[in-house]
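**Q** 3D model of this:
(chains A and B)
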Amino acid sequence: MMRAWILLSLVSILGCTQRDDASQAASKVLIFKHGRLSGDERTLSGLLREFERRHPGVTVREEVLPSSSDQQHQYYTMSLDGGRAPFDVLSLDVIWVQEFSKAGWIAPLDDPPSTIRREDFFPGPIEAATWDGKLYAVPWYIDAGVLYYRKDLLERYALDPPRTWPELLRAARLVLEAERDPKLVGFVWQGRQYEGLVCVALEVLRSNGSDLWVGDRDRAEEGLQLLRDLVWKHKISPLSIGMADEDSTRRLFGEGRALFMRNWPYAWSLLQREGSPVQGKIGVGPIPAFPGLSGASVLGGWVLAVAKHSPHQKEARDLIEFLSSPDVQRRMAMELGYNPTRIALYAEQPLLDAKPILKDLLSIFLSARPRPITPYYLLLSQAAQPELSALVVGTKEPRDVLHAIRRQGDRLLPRRVRTSAEREP
Amino acid sequence: MKVAAFNDQKADGRRWNLSERVWGYVFAAPAMTLVVLMALAPIAAALWLSLRHRLPIFGVDEFVGLANYLDLLGDERFWAALGTTLYFTCLSVGLELPIGLGLALLLDGLTDERTRFGRLAQTVAIVPWTVPTVVSAQMWLWLYQPDYGLLNYALARIGVAASIDWLADPRWAIHAAIIMDVWKTTPFAALMMLAGLKALPQDLRAAVRIDGAGWWDGFRSITLPLLTPVILITLVFRTMDAVRVFDAVYVLTGGGPGNTTETLSIYAYKTLFQSLQLGYGSALATAMFLISVILSLFYVLLLRRRVRDMV
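**A** Numbers count the residues shown, from 1 in each chain, chains lettered A, B, ... in the order given. Presented below is the predicted three-dimensional model:
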């Protein structure tokens, strides 16, 4: 009896393998590596099945990585540095494109298909995905830093959403004093020692017409001073901000315990869903600026690229063309809340009706600026993170922090990048 | 029957014309090969890499001799990480051993593992150690939350009004990691020493009691000296673990705020996998390896002297 069972299972295993072999021989298998998306995973797999229907003979296999950006970067660098990567299409954080292009890990999209025209996309991500004059990746979805505010609290004290930092400080102080709620804090943002803090710092410095690694020193120092003062002088941000990331600030704000929050647009649908304590009480706007200047959000988002050593270059490009098409982007926006990278979609009435926030985001996305476009960005950011973190928790002075960051920048940024950024207003 | 089999083997050995010594090597070869492949080869590869500048994104891959190690000597961040690592090690091991010894004595004195209570007490005591580090670090992350964490709530209940920002306050962060590590690995120390206590000759301890010595005298002049080898071995294990601490601190703070909790392994990890300086990162890893070797040599000498004294 036992022997019969073993025999039977062996036969069935053999049967399975044979069938797999047969189907693989008949079709090409594309492996699509991407980080875990929030929301229902059936949306993306449904879209991929649709791609397979349109391209007979091609099967797409999804391989999902953890949603943490650092972990994805680690996976990609380790497997790509080995030479032969076990995947064909990958999704990348915009800040990696230069690095991966220079290392020769992803293939340039020479004469991209007519459906991928640079001018159809937001300029920021296209700039970040271009290396040495060639497009290496196609923007998939876009992100930019925005300011969330409690509409109900501002209205209670007849305040407008702040356009400048002094306005934000004034509003926070006024509301905190009047509410007398020990649980309420003024302004939360990402202050942990990680990439998110670099984004926040860049936004504050750029809103003063400077930058972290380049630009006017005095203005940069003034920006860093503001960041530190938010915690230590104005006390509208708690010290625990030094450990805060996107999710922890989103939860704090979501419990109704913060007046302002800097975060990415992903938080919007989570804050507005049924049962959220702040549902219907929030608004979103651009990051404030120093008086007389205009702010600029830091650009985020993900792009799609083809692995250089993939044996299925054509099919991989077809998949990228499909995933960045207006149809797919529309569905990802409607069903998953990922913001399209094609500008034209922001004029479509049905989409705007379903997602009114897109109207507010359009101008922010148009003016959003990428982080320094250089293959050495991660080195720069890595070196800046501990400095900025020390600034936030009050162990280092703005002048010393800026000095350390600039020294790294001078070492790593090519002169061309520095001068072009300095020329910008 | 047995003799016959033995003779057969001997006959085989003669036929192959190999001495017993050579046969020993032959039989040990598979295991040795495995050790070489799994342990020595990666170490050798890291050593080789640490003598090169290897930066995939710069397209750099060249032999530079000891340049990485010379850079290391002038790298403030390296020295800071080394300081943090040693501080973490001294404090956590320094707390774990006495607390673990106390726990072991308690378990040994109060309970008998044959009773249900004894088994239960031992099981409960070992629980923190069995939880994967990443999971327990995540738990402590919640406990340390300044607003709704249990720790500050408990402090407030016993009258400590100031709420502590355990992880964001640069003075507290490394200590928060140490507290978690002590909670997690004291059971291991206790278990080791409990086993040592159980192995002590019971008649000696009984004789001391009959001679009228109090608990403290008995502990000081009989139990402690006899237990010393076990304590030393526990010390070695714990020190080696603490020197290469990574997951506990990485999950709690990621090395922040302002690098105040960056240990050597976190610095090496960031250099290797985040900024992709493979050569320099390997030099960091090798430096960690050397520090471990020096520490273990020190302990080996200590142990040997101790054992010689006892003989």
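**Q** How about the residues of the stretch 151-300 of chain B by chain A?
**A** With CB under 8 Å from any CB of the partner chain as the criterion, the stretch 151-300 of chain B meets chain A at residues B:165, B:167-170, B:253-260, B:262, B:270, B:273-277. Quick note: C-beta positions are derived from backbone N, CA and C, even for glycine.
**Q** Can you select the buried ones among the residues you listed for me in ChimeraX?
**A** A single ChimeraX command selects the buried members of those (16 or more other CB atoms under 10 Å in any protein chain shown):
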select /B:165,167,168,169,170,253,254,255,256,257,258,259,260,262,270,273,274,275,276,277
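**Q** what helix or strand is whichever residue of the stretch 301-425 of chain A sits closest to chain B on?
**A** When scored by CB to the nearest CB, the stretch 301-425 of chain A has residue A:390 as its residue closest to chain B, at 2.9 Å. Here residue A:390 sits within helix A:377-392, counting by DSSP states H and E.
**Q** name the helices or strands packed onto that helix?
**A** Packing contacts for helix A:377-392, counted by 3 or more CB pairs under 8 Å, 6 or more residues apart in numbering or on different chains; DSSP states H and E, involve helix A:97-102, helix A:195-206, helix A:217-232, helix A:398-412.
**Q** could you dump that helix to CSV, C-alpha only?
**A** What follows is helix A:377-392, C-alpha atoms only, in CSV (Å, rounded to 0.1, in the frame of the first residue of the first chain):
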residue,chain,number,x,y,z
TYR,A,377,23.3,60.0,-5.1
LEU,A,378,23.0,57.1,-2.6
LEU,A,379,26.6,57.8,-1.4
LEU,A,380,25.6,61.5,-1.0
SER,A,381,22.4,60.7,0.9
GLN,A,382,24.1,58.0,3.0
ALA,A,383,26.7,60.6,4.2
ALA,A,384,24.1,63.3,4.8
GLN,A,385,21.6,61.2,6.8
PRO,A,386,23.6,61.0,10.1
GLU,A,387,24.4,64.7,9.9
LEU,A,388,20.7,65.7,9.4
SER,A,389,19.6,63.3,12.1
ALA,A,390,22.1,64.9,14.5
LEU,A,391,20.7,68.3,13.6
VAL,A,392,17.1,67.2,14.3
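**Q** Give me the mean pLDDT for it.
**A** Computed over helix A:377-392, the mean pLDDT rounds to 93.
**Q** quick one, strands of the chain?
**A** Here I'm looking at chain A. A:28-35, A:58-65, A:89-93, A:130-131, A:134-135, A:138-144, A:146-150, A:185-188, A:258-263, A:282-285, A:299-306 (DSSP state E).
**Q** actually it's chain B I care about, not the one you picked
**A** Listed in chain order, the strands of chain B (DSSP E) span B:52-55, B:60-63.
**Q** Tell me which of the ones you listed lies nearest to residue A:379.
**A** strand B:52-55 (9.0 Å; CB to CB).
**Q** neighbouring strands for the closest one, and are they parallel or not?
**A** Each strand that pairs with strand B:52-55, with its direction, by DSSP bridges: strand B:60-63 (antiparallel).
**Q** Give the buried residues for the partner strand.
**A** The neighbour-count check on strand B:60-63 (16+ other CB under 10 Å) flags nothing as buried.
**Q** Give me the residues contacting it.
**A** Identification of contacts with strand B:60-63 by CB atoms under 8 Å, 6 or more residues apart in numbering or on different chains yields B:51-55.
**Q** repeat that for 6 Å
**A** B:52-54 (CB atoms under 6 Å, 6 or more residues apart in numbering or on different chains).
**Q** quick one: which of those is most hemmed in?
**A** In terms of neighbours by other CB atoms under 10 Å in any protein chain shown, the contacts of strand B:60-63 top out with residue B:54 at 22 neighbours.
**Q** How about the residues of chain A by chain B?
**A** A:74, A:77, A:81, A:99, A:102-103, A:193, A:239-240, A:242-243, A:375, A:378-379, A:382, A:386, A:389-390, A:393, A:395 (CB under 6 Å from any CB of the partner chain).
**Q** which of those count as buried?
**A** Buried members of those, scored by 16+ other CB under 10 Å, are A:74, A:77, A:99, A:102-103, A:193, A:239-240, A:242-243, A:375, A:378-379, A:382, A:386, A:389-390, A:393.
**Q** deepest of the helices and strands packed on helix A:377-392, which one?
**A** Mean neighbour count (mean count of other CB atoms under 10 Å in any protein chain shown) peaks for helix A:195-206 among these, with a mean of 25.
**Q** what's that helix packed up against?
**A** helix A:217-232, helix A:377-392 (3 or more CB pairs under 6 Å, 6 or more residues apart in numbering or on different chains; DSSP states H and E).
**Q** Can I get the ones you listed in a markdown table including distance to residue B:291?
**A** Shown next, in a markdown table, are the helices and strands packed on helix A:195-206 (distance: least, CB to CB, whole Å):
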| stretch | distance to residue B:291 |
| --- | --- |
| helix A:217-232 | 35 |
| helix A:377-392 | 22 |
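**Q** how about the ones you listed, which one is nearest residue B:220?
**A** Nearest to residue B:220, of all those, is helix A:377-392, at 47.1 Å by CB to CB.
**Q** which residues does residue B:295 contact?
**A** Counting by CB under 6 Å, 6+ apart, the residues that residue B:295 touches are residue B:239.
**Q** swap the cut-off to 8 Å and go again
**A** Here residue B:295 is in contact with B:239-240, B:243 (CB under 8 Å, 6+ apart).
**Q** cool, and residue B:142?
**A** Listed by CB under 8 Å, 6+ apart, the contact set of residue B:142 reads B:149-150.
**Q** Same check on residue B:51?
**A** By CB under 8 Å, 6+ apart, the contact set of residue B:51 is B:63-66, B:68, B:279.
**Q** repeat for residue B:288
**A** Going by CB under 8 Å, 6+ apart, residue B:288 touches B:243-244, B:264-265, B:268.
**Q** excluding its backbone neighbours, what's nearest the most centrally placed residue in chain B?
**A** Nearest to the geometric centre of chain B sits residue B:241, at 1.9 Å (CA atoms, centre = their mean). Leaving aside its chain neighbours, residue B:241 sits nearest to residue B:185 (7.0 Å; criterion: CB to CB, 6 or more residues apart in numbering or on different chains).
**Q** count of residues packed around the one you found?
**A** Here the number of neighbours of residue B:185 (other CB under 10 Å) works out to 24.
**Q** what's the domain layout of the chain?
**A** With no chain named, the answer covers chain A. A:22-143+A:300-367, A:146-296+A:395-423 (automatic domain parsing).
**Q** other chain: chain B
**A** B:2-49, B:78-310.
**Q** any idea how far the last one is from the chain center?
**A** Just to be clear, that refers to domain B:78-310. In this view, domain B:78-310 has its centroid 8 Å away from the chain centroid, taken as CA atoms, centre = their mean, to the nearest Å.
**Q** Return the residues in contact with the closest residue to residue A:98 other than its chain neighbours.
**A** Once flanking residues are discounted, residue A:98 sits nearest to residue A:375: 4.4 Å by CB to CB, 6+ apart. Taking CB under 8 Å, 6+ apart, we find residue A:375 in contact with A:98-99, A:101-103, A:131, B:57-58.
**Q** Recalculate using a threshold of 6 Å.
**A** Going by CB under 6 Å, 6+ apart, residue A:375 touches A:98-99, A:102, B:57.
**Q** roughly how far apart are it and residue A:105?
**A** Distance, residue A:375 to residue A:105, using CB to CB, to the nearest Å: 11 Å.
**Q** just residue B:188 next, same as before
**A** Computed with CB to CB, the distance linking residue B:188 and residue A:105 is 42 Å.
**Q** where does the stretch 301-425 of chain A have low pLDDT?
**A** A:414-425 (pLDDT under 70).
**Q** just the stretch 201-311 of chain B next, same as before
**A** B:307, B:309-311.
**Q** Swap in 80 and give it another go.
**A** For the stretch 201-311 of chain B, the stretches with pLDDT under 80 are B:205, B:209, B:306-311.
**Q** Next up, the contacts around the closest residue to chain B within the stretch 201-350 of chain A.
**A** Residue nearest to chain B within the stretch 201-350 of chain A: residue A:242 (3.3 Å; CB to the nearest CB). By CB under 6 Å, 6+ apart, residue A:242 lies in contact with A:191, A:392-393, B:168, B:257.
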